[in-house]
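[1] 3D, please:
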Amino acid sequence: MSKLEIKDLHVAVDGKEILKGLSLTVKEGEIHALMGPNGNGKSTLLQAIMGHPRYEVLSGSVTLDGQDVLAMSVDQRSKAGLFLGMQYPQEIAGVTNSDFLKAAMNARREKPVSLFQFIKQMEGAIKELEMKPDLAHRFLNEGFSGGEKKRNEIVQMMLLQPNIAMLDEIDSGLDVDALKVVANSINKMMENRNLGLIVVSHYERFYQLLQPTHAHVLVDGRIVMDSDASLVEKIDKEGYEWIGKELGISVEEEKEEPLKKISLGSCAAAKRG
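    Coordinates of the predicted model:
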């Protein structure tokens, strides 16, 4: 059984500590809703796990099935079974979706995928996500609408078949119909294979479609409350203010700085004392 374990994780961004001792365990078959006001560390957590170099791991540990994730390069993390559906997918001119996906799949296999099998899988994913048939021949995310970029992230997830997937506001930019299509595809993946999910979203509607098994509220770099899906509904109705009053803490939204464009081969730095 795949298991992602995060223990007492401290992460800084541009010299400012954002995560301040966060712990979380995600197992296959589980869907974890990660909520909280903007700027309190949700995206920081996902980016640090995947290895974005802007995020400096100060202390703590991240393991996947007992393997030290922080000691791995970005590509090694992917090969180990981690996947990040990005909030802001990058456009890459000159690289077609099909070339990108086939290379990514082969990097995780001992024997290259056959052309027939690859085409069958990709066409099936494109059809399921209700995207245009020419997707395979278009440059990666170039000229895509916001919704197309997000659905293309799910196409990648379907073909790469991770053990633990992290979705960072994958629902933003999707209309009501596209939201259902994406949620149905994710639910089908949960039914058909061993998969654990961390989902960041501000919309109860998306969580209703996914039905999280766990819900967490992240404030000031720490998880301050854990519950089941009922917590999502309560926050949707009452916001986060009641949590601050109940726990005697300040719950505030902070401004988030946009990510800088980076080299895809870079890895987050880990400092251990």
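
[2] ranges for the helices of this structure?
    42-50, 74-80, 97-107, 115-128, 146-160, 176-192, 204-210, 230-238, 241-247 (DSSP state H).

[3] Mean neighbour count, those helices: which tops it?
    helix 42-50 (a mean of 24; mean count of other CB atoms under 10 Å). Any C-beta I mention is one placed from the backbone N, CA and C, and that applies to glycine too.

[4] What distance do you get for residue 150 to residue 156?
    11 Å (CB to CB, to the nearest Å).

[5] can you list residues touching both of the two?
    residue 85 (CB atoms under 8 Å, 6 or more residues apart in numbering).

[6] rounded to a whole number, what's the mean pLDDT of stretch 37-46?
    Across stretch 37-46, pLDDT averages out at 94.

[7] on that earlier part again, same list (the helices of the chain) but as a markdown table, adding distance to residue 25.
    Converted to a markdown table, the helices of the chain look like this (distance: least, CB to CB, whole Å):
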| stretch | distance to residue 25 |
| --- | --- |
| helix 42-50 | 13 |
| helix 74-80 | 17 |
| helix 97-107 | 27 |
| helix 115-128 | 30 |
| helix 146-160 | 21 |
| helix 176-192 | 18 |
| helix 204-210 | 19 |
| helix 230-238 | 17 |
| helix 241-247 | 21 |
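
[8] And those helices: which comes nearest residue 30?
    Comparison of the helices of the chain against residue 30 by CB to CB identifies helix 176-192 as nearest, at 9.3 Å.

[9] on contacts alone, who are the packing partners of the closest one?
    helix 115-128, helix 146-160, helix 204-210 (3 or more CB pairs under 8 Å, 6 or more residues apart in numbering; DSSP states H and E).

[10] Figure out which of those helices is closest to residue 55.
    Of the helices and strands packed on helix 176-192, nearest to residue 55 by CB to CB is helix 146-160, at 19.6 Å.

[11] Report the contact partners of the residue lying closest to residue 189 once chain neighbours are set aside.
    Closest residue in space to residue 189, ignoring its immediate chain neighbours: residue 195 at 5.6 Å, by CB to CB, 6 or more residues apart in numbering. Neighbour list for residue 195: 28-29, 162-165, 189 [criterion: CB under 8 Å, 6+ apart].

[12] Just the buried residues out of those, in ChimeraX syntax.
    In ChimeraX syntax, the buried subset of those is picked out as below (16 or more other CB atoms under 10 Å):
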select :28,162,163,164,165,189
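
[13] hmm, which two among the contacts of residue 195 are most spread apart?
    29 and 162 (13.8 Å).

[14] before we move on, the earlier item: out of the helices of the chain, which is closest to residue 3?
    helix 74-80 (12.2 Å).

[15] where's that closest one relative to the chain centroid, distance-wise?
    Centroid displacement of helix 74-80 relative to its chain, using CA atoms, centre = their mean, to the nearest Å, is 14 Å.

[16] Can you tell me which helices and strands that helix packs against?
    helix 42-50, helix 97-107.

[17] Quick check: mean pLDDT of it?
    Here the average pLDDT along helix 74-80 is 94.

[18] Same question for stretch 247-266.
    61.

[19] Which residue is the nearest non-sequential neighbour of residue 112?
    residue 106 (4.7 Å).

[20] go on, residue 20?
    Nearest to residue 20 is residue 221, by CB to CB, 6+ apart, at 3.7 Å.

[21] Over to residue 197?
    residue 31 (4.6 Å).

[22] same question, residue 153
    Residue 153 sits nearest to residue 85 (CB to CB, 6+ apart), 4.2 Å away.

[23] which residues does that neighbour contact?
    Taking CB under 8 Å, 6+ apart as the test, what residue 85 contacts is 150, 153-154, 156-157, 165-168, 170.
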